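S.K.: here you go, sequence then predicted model.
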Amino acid sequence: MIEPALALIDFSSIAVGIEAADAMVKRAEIGVIRAGTVQPGRYLVLIGGTVAEVQESLAAGREIGGDTVLDHVFLPHVHPEVVEAIGGGRVPQRSDALGVVETATVAAAIHAADAGIKGADVRLVEIRLADGLGGKGIVLYSGLVADVEAAVEIGAGVLETRLLVREVVIPQLHAEMWENVSDATRFSARVLEGL
């Protein structure tokens with residue numbers, strides 16, 4: 001059985017990010033690559049495939065990136081809900097509690113999401129990455145209060161202190177807030193629905 005792996009590199013330089021992404025796809029046969037700019041003037045490269053190939057490709061990106069690498073993550077056995085959430089999948093069902101981990105980088109958010117969902121009986125409501133967040137990331141977990149508390153603790157616990165912006169657990173989130181959060185966390189998406 002082939003184990004799925006995922007990696008992401010966050011570059012402070014767009015030019016170096018493009019150069020590194022090219023080196024990454026030339027170094028190894030990765031299954032998927034997604035790359036592009038995000039605010040504030042950074043470049044993200046997300047890759048997926050087999051563990052060995054993703055690890056080799058990541059090494060190439062980090063070599064070329066040098067001091068422009070702001071952060072990176074390598075998940076050799078990524079949880080399927082993390083992949084789904086990165087692709088825009090959402091779990092809109094209301095539950096007992098909402099947990100939020102806010103991170104300074106996209107890589108940190110992905111790392112926290114994977115650790116939290118593997119370590120506790122929760123669902124990922126959303127992983128929101130960079131755009132509209134000034135390069136930050138947020139992870140939303142839902143489930144029973146004790147499970148959400150565990151997921152937030154585990155997710156935040158795998159991060160370096162400098163990468164964790166804030167963590168909160170909200171028991172019994174108000175129904176109107178749940179509607180807002182479960183539909184979309186972007187303010188513009190909520191306002192476009194009308195008042």
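M.R.: Nice, I can see it.
S.K.: ignoring the adjacent residues along the chain, who's closest to residue 66?
M.R.: Leaving aside its chain neighbours, residue 66 sits nearest to residue 16 (7.6 Å; criterion: Cβ to Cβ, 6 or more residues apart in numbering). All C-beta atoms are positioned from the backbone trio N, CA, C, and that covers glycine.
S.K.: what is the neighbour count of the one you found?
M.R.: Residues near residue 16, counting by other Cβ atoms under 10 Å, number 18.
S.K.: which SSE is it in?
M.R.: Using DSSP states H and E, residue 16 maps to helix 14-27.
S.K.: check residue 33 too.
M.R.: strand 32-38.
S.K.: and if you look at residue 85?
M.R.: Under the assignment given by DSSP H and E, the secondary-structure element containing residue 85 is helix 80-86.
S.K.: what does that helix rub up against?
M.R.: Where contact means Cβ atoms under 8 Å, 6 or more residues apart in numbering, the residues beyond helix 80-86 that reach it are 4, 6, 46, 48, 75, 89, 110, 113-114, 117, 123-124, 126-127, 129.
S.K.: pLDDT of that helix, averaged?
M.R.: Model confidence over helix 80-86, given as mean pLDDT, is 91.
S.K.: next, the buried residues of it.
M.R.: Within helix 80-86, the residues that qualify as buried by neighbour count (16 or more other Cβ atoms under 10 Å) are 81, 82, 83, 85, 86.
S.K.: nearest to residue 71, of those?
M.R.: The shortest gap between residue 71 and any of the buried residues of helix 80-86 belongs to residue 86, at 15.6 Å (Cβ to Cβ).
S.K.: wait, residue 55 sits on residue 72?
M.R.: No: in this structure residue 55 lies outside contact range of residue 72 using Cβ atoms under 8 Å: 11.6 Å.
S.K.: hey, what's in contact with both of these two?
M.R.: residue 7.
S.K.: between those two, who's got more neighbours?
M.R.: In terms of neighbours (other Cβ under 10 Å), residue 72 is the more surrounded of residue 55 and residue 72; the figures are 21 against 15.
S.K.: and the residue lying closest to that one once chain neighbours are set aside, bridged to which residues?
M.R.: Using Cβ to Cβ, 6+ apart and skipping residues adjacent in sequence, the residue nearest residue 72 is residue 9, 4.5 Å away. Here residue 9 shows beta-bridge partners residue 45, residue 72, assigned using DSSP bridges.
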